[in-house]
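**Student:** sequence first, then the predicted structure:
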Amino acid sequence: MSSELYNDGPVVHTPTFIDGTSVEIPELKILKQDGSVYEGSDMPDMDEKLAVKVYKTLAFHRVLDERMVASQRQGRLSFYMTALGEEAASVGGAAGLKSQDMIMSQYREQGALMFRGFSLEDFMNQMFSNEKDLGKGRQMPIHYGSNELNYMTVSSPLGTQIPQATGYAYGQKLQGLDEVTLCYFGEGAASEGDFHAGLNMAAVQEAPVIFFCRNNGYAISTPADEQFKGNGIASRGVGYGVKTIRVDGNDILAVIKATQIARVYALKENAPVLIEAMSYRLGAHSTSDDPSGYRTREEEAKWQENDPILRMKNWMLAQNWWDEEQEKTLFDDLREKVLAQVKVSEKINKPHIDTLITDVYDTPSIQLEQQLAQVKAHVKKYPEAYPFTAGKF
Amino acid sequence: MAQMNMLHAINNALDIAMSEDNSTLCFGEDVGHFGGVFRATSGLQDKYGKARCFNTPLVEQGIIGFANGLAAQGSRPIAEIQFADYIFPAFDQIVNEAAKFRYRSGNEFDVGKLTIRAPYGGGIAGGLYHSQSPEAYFAHTPGLKVVIPRNPYQAKGLLLASIRDDNPVIFFEPKRLYRASVGEVPEEDYQLPIGKAEVLQTGSDITLLAWGAQMEILQQAADLAANDGVSCEVIDLRSILPWDVETIANSVMKTGRLLVSQEAPLTAGFASEIAATIQQECFLHLESPVERVCGLDTPYPLALEKEYVADHLKIYEAIKRSVQF
């Protein structure tokens, strides 16, 4: 047995168990809800320009979520997922990275993509599955992705991106790149086998990957206390030998700080880091869900007082980097732009019928070409039954 | 008799199974207090307690591995996988474990009391990860049974038979019909046979065969064909594994033609297995090649779902091709 592999502690002669909760995990908090900073806080590397960008991203996120839920209720959109109340986790994570770093997300981290510069038009074209969607109208709303912005396209199956992130980061290391991979997932997805495979392999293969768990308290209706025992997701990181930190996920400064430090460590040591960001899913799981069936309004109200966007605004005001007039102009402008873009994107054509068979392989097989020809002949025969594609070959 | 939608019928079957045998358990993601994302297990936790109806952590391989252990121990687990699209992390536990438990041990141990429920199928704007029909993967696995109901009455009777069957059964529920399909369902206990197809409409010109949600599409096509004077025999396969070769072969020997329709992609779908068997069983009776009307050989799309699916018009065209061959 290698002595580096085990940290045995004292030899004992009576059975001595250690408890699952015996690992004490500190939680990084920098910013208070009133906008003041805890004394002695180690501040993130952030100037006024970056702070304004982060805040504007948070505001964009909030407005987009509000408007798209409304659009879904009006029947204009099939489905939507908000990140209400936990926007700081995704936006802060992206803000702590460099633009060349790969982000692999779950499905509630659109804030990271906003920070990277995915435009309102890009978001909307994806949600309306039109011909301008980068994903060619193939996935449900919110399954964004952009090669240019180093943001891997979202996949619905949970946790699958976690071992992939380990492999991606290992490739970055091997090629000597100044890059890491950051992998987002929720505390529910951390129950999947892929989470355990991904963390263990990252530690053993020494991959510069940052695992970023958004612990928002719920996996659809299942509360965290029916999801895991022990000391949260962070304690798993410790178990796999992964450097681990827990942060207040509604504290944008703590999230950015932890991510910045994690990036430096991952690159320098060629080793993974796990960040567990503690937050709360204030919204429903999706527009198909109704949380009143499994939690109380009182519980939600308690967390509404921890709004991460208001917390950052209070700090920005205190820094004199922001004022109420800017606030009003920003939100008014965003609401107007989002609404205008809905009206544009919902009218754009659906993808061309030829996209039915593209990208299954690098080039369509003969069988797929034949199947497409059959579909086209059929659509020509019954144009009224296929209004999206008929007459547009 | 009561009017029930498919979810009510399934819930009612689960209620009967749990009340008759206190070793019967229902579990899965969000299955407990919330009653499942589609509410199929609604009220069961209140009635039978948290020990027998509960939320599991979000881990499909764990859910089925846990269920295998329970079944081997003698309990009767009914495990829910939230969407059939998410059954694949459990593939090893189903294909290498549940299906082979009895065989590998020489019948020393078995997991025959296992039932796996999973909503499957498209038509709900769910795209590639909320629309798949994965029955063929499991039909390729000796040791499993695979059952798919078409309406609430069938769902209750077939689910009760699946729960009581002494082999592991995968019960795929057509989620598009969960609330859309409503019909008369007896409130008392009854079972429908696994492995028996059902002839829904007799006819003389062509046999139309499908299962699950595809049945109502098949019927629409049969109605269109009837306007042209084509007499269709319409059959619900109901059970994919084992499947009822005799009923289908007898029908095809009478009509001389067969059309099979499935939601899943064409290549290596279960329709292919049926076509191969029927050409062997009925070769000299066939008047035309067996028609397969299926999804395309691509992942299930979103925006172009209408163009992709085996709809009633594509089936109608295939009926005409077959009859005019």
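**Tutor:** Ah, there it is.

**Student:** can you read off the backbone torsions of the residue in the stretch 101-250 of chain B positioned nearest to chain A?
**Tutor:** Residue nearest to chain A within the stretch 101-250 of chain B (C-beta to the nearest C-beta): residue B:129, separated by 3.6 Å. From N, CA and C alone the C-beta is placed, and that goes for glycine too. Note on residue B:129: its backbone torsions stand at phi -110, psi 10 [degrees, to the nearest 10].

**Student:** which residue is the nearest non-sequential neighbour of it?
**Tutor:** Spatial nearest neighbour of residue B:129, excluding adjacent residues (C-beta to C-beta, 6 or more residues apart in numbering or on different chains): residue A:156 at 3.6 Å.

**Student:** for residue A:116, same thing?
**Tutor:** Here the residue nearest residue A:116, using C-beta to C-beta, 6+ apart, is residue A:149, at 4.2 Å.

**Student:** next, the one you found: phi, psi?
**Tutor:** When read as degrees, to the nearest 10, the backbone of residue A:149 gives phi -100, psi 10.

**Student:** any buried residues in stretch A:98-115, and which?
**Tutor:** A:101-115 (16 or more other C-beta atoms under 10 Å in any protein chain shown).

**Student:** looking at these, which is nearest chain B?
**Tutor:** Nearest member of these to chain B, counting by C-beta to the nearest C-beta, is residue A:107, at 10.5 Å.

**Student:** tell me, how many residues neighbour residue 96?
**Tutor:** I'll assume chain A. As a burial measure, residue A:96 scores 25 neighbours (other C-beta atoms under 10 Å in any protein chain shown).

**Student:** um, chain B though
**Tutor:** Quick note: residue B:96 (other C-beta under 10 Å) scores 12 neighbours.

**Student:** what sits against the nearest residue to residue A:221 once chain neighbours are set aside?
**Tutor:** Closest residue to residue A:221 apart from its sequence neighbours, by C-beta to C-beta, 6+ apart: residue B:34 at 3.6 Å. Contact analysis of residue B:34 by C-beta atoms under 8 Å, 6 or more residues apart in numbering or on different chains lists A:220, A:221, A:222, A:293, A:294, B:55.

**Student:** drop anything exposed from these.
**Tutor:** A:220, A:221, A:222, A:294, B:55.

**Student:** export those to a markdown table and tack on pLDDT?
**Tutor:** What follows is the buried ones among the contacts of residue B:34, written out as a markdown table (pLDDT from 0 to 100):
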| residue | pLDDT |
| --- | --- |
| A:220 | 96 |
| A:221 | 96 |
| A:222 | 96 |
| A:294 | 95 |
| B:55 | 97 |
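
**Student:** the residues you listed in strands, which ones?
**Tutor:** Residues of these located in strands (DSSP state E): A:222, B:55.

**Student:** need the buried ones among the contacts of residue B:34 in TSV with distance to residue B:317, can you?
**Tutor:** As requested, these are exported to TSV (distance: C-beta to C-beta, whole Å):
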residue	distance to residue B:317
A:220	41
A:221	44
A:222	46
A:294	47
B:55	46
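
**Student:** ok, the buried ones among the contacts of residue B:34 vs residue A:261, which is closest?
**Tutor:** The nearest member of the buried ones among the contacts of residue B:34 to residue A:261, counting by C-beta to C-beta, is residue A:222 at 31.6 Å.

**Student:** how near is the closest one to chain B?
**Tutor:** Distance of residue A:222 to chain B, computed by C-beta to the nearest C-beta, to the nearest Å: 5 Å.

**Student:** now that residue, nearest residue through space, not along the chain?
**Tutor:** Excluding its sequence neighbours, the residue lying closest to residue A:222 (C-beta to C-beta, 6+ apart) is residue B:55, at 4.7 Å.

**Student:** low-confidence regions, chain A specifically.
**Tutor:** Within chain A, the stretches with pLDDT under 70 are A:1-3.

**Student:** which helix is the longest one in it?
**Tutor:** Taking DSSP state H as the criterion, chain A has its longest helix at helix A:48-73.

**Student:** tell me the buried residues in that one?
**Tutor:** Buried-residue list, helix A:48-73, by 16+ other C-beta under 10 Å: A:51, A:53-65, A:67-69, A:71-72.

**Student:** same thing with stretch A:344-352?
**Tutor:** Within stretch A:344-352, the residues scored as buried using 16+ other C-beta under 10 Å are A:345, A:348, A:350, A:351, A:352.

**Student:** can you list the residues that contact that stretch?
**Tutor:** A:76, A:121, A:124-125, A:127-133, A:136-137, A:388-389, A:392, B:303-304.

**Student:** with only the CA atoms kept, save the helix or strand encompassing residue A:300 in PDB.
**Tutor:** Per DSSP states H and E: residue A:300 is located in helix A:297-304. Extracted in PDB, the C-alpha atoms of helix A:297-304 (Å, rounded to 0.1, in the frame of the first residue of the first chain):
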ATOM      1  CA  ARG A 297     -45.100  29.300  -0.200                       C
ATOM      2  CA  GLU A 298     -43.400  30.100   3.100                       C
ATOM      3  CA  GLU A 299     -40.400  28.200   2.100                       C
ATOM      4  CA  GLU A 300     -40.200  30.000  -1.200                       C
ATOM      5  CA  ALA A 301     -40.700  33.400   0.500                       C
ATOM      6  CA  LYS A 302     -37.700  32.800   2.700                       C
ATOM      7  CA  TRP A 303     -35.500  32.300  -0.300                       C
ATOM      8  CA  GLN A 304     -36.900  35.300  -2.100                       C
END
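
**Student:** chain center to that helix, what's the gap?
**Tutor:** Its chain's C-alpha centre and that of helix A:297-304 lie 23 Å apart, by C-alpha atoms, centre = their mean, to the nearest Å.

**Student:** ok, stretch B:35-43 next?
**Tutor:** With C-alpha atoms, centre = their mean, you get 19 Å for stretch B:35-43.

**Student:** same check, this time on stretch A:295-311
**Tutor:** For stretch A:295-311, the distance to the chain centre is 20 Å (C-alpha atoms, centre = their mean).

**Student:** for that stretch, list every residue counted as buried.
**Tutor:** A:300, A:303, A:306, A:307, A:308, A:309, A:310, A:311.
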